[in-house]
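A.B. asks: with the sequence up front, the predicted model follows.
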Amino acid sequence: MLRWGLRVLSRGLPAPRPRCRRRTVLAMAQDPRAAVSGQTKRLNSGAEGVERPGENGHQDKRLKRGADEEDAEDQGKKSPKRKIVLLMAYSGKGYHGMQRNVGSSQFKTIEDDLVSALVQSGCIPENHGQDMKKMSFQRCARTDKGVSAAGQIVSLKVRLIDDILEKINNHLPSHIRILGLKRVTGGFNSKNKCDARTYSYMLPTFAFAHKDHDVQEEVYRLDKETLDRVNKLLSCYKGTHNFHNFTSQKGPRDPSAKRYIMEMSCGEPFVRENMEFAVIQVKGQSFMMHQIRKMIGLVIAIVKGYAAESILERSWGEEKVDVPKAPGLGLVLERVHFEKYNRRFGNDGLHEPLEWAEEEQKIALFKEQFIYPTIINTEREEKSMANWLSTLPIHDFNSSAVEMQTNNKNSKNSSDLEGSDGCGDDSD
């Protein structure tokens, strides 16, 4: 037998298992008490392994939790964690923008309420709410103080629990809603993958009345000739231009000041609560801080007769031009576009295109219930547009850069105090 074993070792062959097992079985048959003792030792050693963390000061957390919390955690662990996008709509009044300021409870944001709802519904663990990078959270567009959204998109990793939309919405206030959810690729980033963004700006039409005409706000109605002129001026923005005069802290030679505008127009006016309004829509690849509000503010100044049309061309040059900033109240993020992503992944059989045709009715209903009433009521109560229009004579649209700085120091007006700072897609 020894010789055979040496031959096995020299050839590198495994030892014959059947013969070893046969010996073990025979030994157990000869001494059953030893077999039972061995099994007992193994069970005891396993029990000691479970209790040992307790002896070292790390007790099993499940012992400290209630049955309900344990069940919720078990459900969360069973639910797969996947990368998704959420379609959001919200009224921005009373919030200091979309983006969360972790560690600062002084200024409440939309993301504060969203993260709280995600944690309470069981979609994310609490530590992910404290450190949003852990769930790969990214917003498509940053909306600032007082600005609303009808089609905001955020991407993040969540546990795909049952009835996820209903459970999240149950923990959100009525003026913030999750209207849709779709699976996306693991590396998807809602900001970087976005091709374009569409904003709307709702304003009372008396803003376009000529400065020499004495008009009553509720009586004024926009005529076709004035609307046509407004649209002619808005169409001048289409294409690529240098918008350094339409934001702050960007010089005329800064490459990032060049932006591409695809569409911009004003729709037909409509009456709400005896006051006439109109909605301007603009679609562009991206927008800088205050850019849209300044684009609209300059057109209003031209239509009202405070500035010449030639100022548009001047504003795109290297010269510093004083461009007025319209109030932020009526600004709404309407939708975001993912055309390249949809072409590549939308029909791959694994992912859906990021289009929301089925949610259009819910979006329209939310705007009618929460966004439009907020804009209309706030305008009637606070008169943000009327107050801002009264500051236009202060601007000198032909002034030099030095004169303009002096004017700006002397004209800290209500447009910056009313509680809205516009949009800034790329200023995260």
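C.D. replies: Structure's in. What do you need? Everything quoted here is computed from the prediction, not taken from an experiment.
A.B. asks: for the rest of this, base every contact and every neighbour count on C-alpha atoms.
C.D. replies: Noted.
A.B. asks: low pLDDT regions in the stretch 101-250 of the chain?
C.D. replies: Residue ranges of the stretch 101-250 of the chain with pLDDT under 70: 103-105.
A.B. asks: which parts of it are strands?
C.D. replies: 138-139, 148-159, 176-183, 196-204, 239-242 (DSSP state E, counting those that start in this stretch).
A.B. asks: return the most buried member of these.
C.D. replies: strand 148-159 (a mean of 25; mean count of other CA atoms under 10 Å).
A.B. asks: so which of the strands of the stretch 101-250 of the chain comes closest to residue 337?
C.D. replies: Taking CA to CA, strand 196-204 is the member of the strands of the stretch 101-250 of the chain nearest to residue 337, at 5.1 Å.
A.B. asks: let's see that closest one as CSV, backbone CA atoms only.
C.D. replies: C-alpha atoms of strand 196-204 as CSV (Å, rounded to 0.1, in the frame of the first residue of the first chain):
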residue,chain,number,x,y,z
ALA,A,196,-31.3,70.2,-25.9
ARG,A,197,-33.7,71.8,-23.5
THR,A,198,-37.0,73.6,-24.0
TYR,A,199,-38.1,76.4,-21.7
SER,A,200,-41.3,78.4,-21.7
TYR,A,201,-41.8,81.9,-20.4
MET,A,202,-45.4,83.0,-19.5
LEU,A,203,-45.9,86.7,-19.2
PRO,A,204,-48.8,89.2,-19.3
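A.B. asks: quick one: it to strand 148-159, angle?
C.D. replies: Here the directions of strand 196-204 and strand 148-159 differ by 140 degrees (axes from the mean of the first three to the mean of the last three CA atoms, to 10 degrees).
A.B. asks: center of this structure - which residue?
C.D. replies: Central residue of the chain (CA atoms, centre = their mean): residue 139, 3.1 Å from the mean position.
A.B. asks: roughly how far apart are the closest residue to residue 111 other than its chain neighbours and residue 93?
C.D. replies: Leaving aside its sequence neighbours, residue 111 sits nearest to residue 100 (CA to CA, 6 or more residues apart in numbering; 5.2 Å). Between residue 100 and residue 93 the computed distance is 16 Å (CA to CA, to the nearest Å).
A.B. asks: before we move on, back to that, the residue nearest to the centre of the chain and residue 180, how far apart?
C.D. replies: Counting by CA to CA - residue 139 and residue 180 are separated by 15 Å.
A.B. asks: please apply the same query to residue 151.
C.D. replies: 10 Å.
A.B. asks: now residue 362
C.D. replies: 10 Å.
A.B. asks: could you do residue 386 as well?
C.D. replies: Taken as CA to CA, the span from residue 386 to residue 180 is 37 Å.
A.B. asks: likewise for residue 365?
C.D. replies: Residue 365 is 14 Å from residue 180, by CA to CA.
A.B. asks: low-confidence ranges, the stretch 301-428 of the chain, go.
C.D. replies: Within the stretch 301-428 of the chain, the segments meeting pLDDT under 70 span 399-428.
A.B. asks: could you identify the helix or strand that succeeds the helix or strand containing residue 271?
C.D. replies: Assigned by DSSP states H and E, residue 271 belongs to strand 270-272. Using DSSP H and E, the helix or strand that follows strand 270-272 in sequence is strand 275-284.
A.B. asks: what's the end-to-end length of stretch 319-338?
C.D. replies: Criterion CA to CA; first-to-last residue distance in stretch 319-338 is 35 Å.
A.B. asks: for that stretch, which positions count as buried?
C.D. replies: Under the neighbour-count criterion of 16 or more other CA atoms under 10 Å, stretch 319-338 has 320-338 buried.
A.B. asks: likewise for stretch 189-198?
C.D. replies: Residues 189-191, 194-198 are the ones in stretch 189-198 that count as buried (16+ other CA under 10 Å).
A.B. asks: those residues: which two are farthest apart?
C.D. replies: 189 and 198 (18.3 Å).
A.B. asks: may I see the strands of the stretch 101-250 of the chain organised as TSV, with distance to residue 253 added?
C.D. replies: TSV is the format used below for these (distance: least, CA to CA, whole Å):
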stretch	distance to residue 253
strand 138-139	29
strand 148-159	32
strand 176-183	40
strand 196-204	24
strand 239-242	9
